[in-house]
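>>> give me a 3D structure for the following:
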Amino acid sequence: MRTDEEALELSLDLPCGSSSHPVSMTLTWWGTVTMSSPCLLLPESARRLAESTCPQAWDEVKRCVQQALYGTEVDLPTFFTGAIADQVGSFFDRWYGRAEERASAVLSEWRCTADEAGLRAALGSEVPVVRWAAAIAAGEAKLAALVPELVRASEDEDFGVQVAAVRALAEIADARAVPILCRWLGEEERLIPEIRIAIAHALGNIGDARAVEPLIEALGDQDEWVRGAAAEALVQIGAVAVEPLIEALRDQDAGVRRAAAEVLGRIGDARTVEPLIQALRDQDAGVRRAAAEVLGWIGDARAVEPLIQALRARDEWVRRAAVEALVRIGAAAVEPLIRALNSDRPVRELERSLPSRPGPQALNSDQSVREAVVKAIERIGSPALRALIGRRIVHPRYGRGVVKAIHREHPPYLVVEFENVTGERILDLRDDFLLE
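Here you go, the predicted model:
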């Protein structure tokens with residue numbers, strides 16, 4: 001049987017809306033799916049009124065055929081059941097993962113040479129499977145000279161040829177293909193993740209500013225690997241992506257805001273600090289956590305006070321991220337953290353126990369916040385601990401004193417000499433005291 005004639009004809013009852021109706025499908029192994037359904041003859045408004053799901057089913061089968069050609073596994077649509085599922089599965093098994101091999105066989109059968117001239121001629125063939133095979137071969141050989149022909153093939157009347165051409169353009173990664181690649185990157189319903197990932201990688205390698213907005217949109221893709229590839233591409237593009245990514249910190253999708261924050265951190269541009277500080281107040285805890293992490297990577301001192309405020313977050317993971325960020329910033333965070341051992345709320349019990357008022361700063365009554373501050377001080381280590389030595393402190397039991405030394409046990413302890421008590425007292429760094 002000739003390769004251009006090998007196809008699978010199906011007739012089945014397809015669930016549609018609240019009922020089902022007969023449809024017929026033709027599946028070609030090079031990726032084209034035709035479907036005959038009464039719903040597809042209706043205007044779009046009528047399909048919406050009837051709640052028709054036929055177009056979605058058609059797209060699902062298209063993705064399934066692509067999986068058989070270019071994917072890592074094949075997920076049959078749920079409406080393929082019983083004998084039909086067995087029939088479709090057997091059909092796919094014959095071609096699974098053999099796109100390049102089958103393309104070579106087609107070109108040989110149709111006596112098309114696999115060089116530039118031969119593939120250019122094959123891309124203009126009247127036979128869809130020959131055009132498909134030529135696109136596959138051009139992509140595999142990364143023939144940049146054929147980019148104009150592949151761009152035209154991406155608009156081919158045959159869907160299988162379109163996909164093969166787009167895949168080839170992603171493999172070649174030529175700037176002339178950027179508009180086509182950007183458009184297909186957003187085709188979640190029709191294009192499998194493996195090809196969208198390849199497109200994102202190609203756009204990152206090309207580094208064209210025109211790809212920034214489509215890649216930011218892809219940060220909200222339903223597939224996590226596509227999202228990761230889009231993020232990686234934006235990092236590769238670098239500085240030119242910063243302003244659009246800052247704008248994406250205000251996107252309605254929290255997932256996009258989180259990803260934008262992470263990408264900005266990896267780019268590391270100074271313009272990102274203030275917008276990321278604003279993101280510490282985002283309504284989504286995941287965005288706040290990402291912003292804290294990123295500010296730590298950047299290491300700008302402007303973020304210290306906002307990160308200390310983030311230690312008051314209700315979400316434990318936000319607090320942890322803020323601690324890690326302060327530790328990364330290091331020396332610039334020491335004095336603000338030491339000041340944060342005191343809060344701005346008076347503690348009446350402490351005030352009553354002392355002969356004079358301790359001053360405007362008072363003990364932090366939220367122990368979890370104090371512990372987060374102390375953890376950051378401990379993690380920063382010697383620079384922060386040395387900064388405590390010589391500080392005057394006020395303690396509710398022992399009164400006023402001065403820090404003489406820091407013990408090396410974990411957690412660190414203060415060796416304090418108090419003015420109104422003879423001898424020395426050992427205090428946990430988490431203990432209740434004020435720094436004067």
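>>> which non-adjacent residue is nearest Asp269?
Val242 (4.7 Å; CB to CB, 6 or more residues apart in numbering). Where you see a C-beta, it was placed from the backbone N, CA and C, and this is true even at glycine.
>>> and the host helix or strand of the one you found, C-alpha only, in CSV?
Per DSSP states H and E, Val242 falls inside helix 242-248. Extracted C-alpha coordinates of helix 242-248, given in CSV (Å, rounded to 0.1, in the frame of the first residue of the first chain):
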residue,chain,number,x,y,z
VAL,A,242,12.6,42.9,32.1
GLU,A,243,9.9,45.7,31.7
PRO,A,244,7.3,43.3,30.2
LEU,A,245,8.0,40.9,33.1
ILE,A,246,7.6,43.7,35.6
GLU,A,247,4.2,44.4,34.0
ALA,A,248,3.4,40.6,34.3
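>>> residue ranges in the stretch 151-300 of the chain under the pLDDT threshold?
Applying pLDDT under 70 to the stretch 151-300 of the chain flags no residue at all.
>>> dump stretch 88-104 to CSV, restricted to CA.
This file holds the C-alpha atoms of stretch 88-104, laid out as CSV (Å, rounded to 0.1, in the frame of the first residue of the first chain):
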residue,chain,number,x,y,z
VAL,A,88,-6.8,3.2,17.0
GLY,A,89,-4.1,2.0,19.4
SER,A,90,-2.9,-0.6,16.9
PHE,A,91,-2.8,2.0,14.2
PHE,A,92,-0.6,4.3,16.3
ASP,A,93,1.7,1.5,17.5
ARG,A,94,2.8,1.1,13.9
TRP,A,95,4.2,4.6,13.7
TYR,A,96,5.0,5.6,17.2
GLY,A,97,8.2,7.5,17.4
ARG,A,98,9.1,6.8,13.8
ALA,A,99,8.5,10.2,12.2
GLU,A,100,12.1,10.6,10.8
GLU,A,101,12.2,7.0,9.6
ARG,A,102,8.8,7.3,7.9
ALA,A,103,9.8,10.6,6.3
SER,A,104,12.9,9.1,4.8
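>>> can you pull the contacts of the closest residue to Ser36 other than its chain neighbours?
Nearest residue to Ser36 in three dimensions, chain neighbours excluded: Ser24, at 4.6 Å (CB to CB, 6+ apart). For Ser24, the contacting residues are Glu9, Leu10, Ser11, Met35, Ser36, by CB atoms under 8 Å, 6 or more residues apart in numbering.
>>> check Glu60 too.
Glu60 neighbours (CB under 8 Å, 6+ apart): Pro77.
>>> helix, strand, or coil at it?
Put simply, Glu60 is helix when judged by DSSP: H, G, I helix; E, B strand; the rest coil.
>>> okay, now the domains of the chain?
Domain assignment for the chain, taken from automatic domain parsing, gives 3-93, 341-435.
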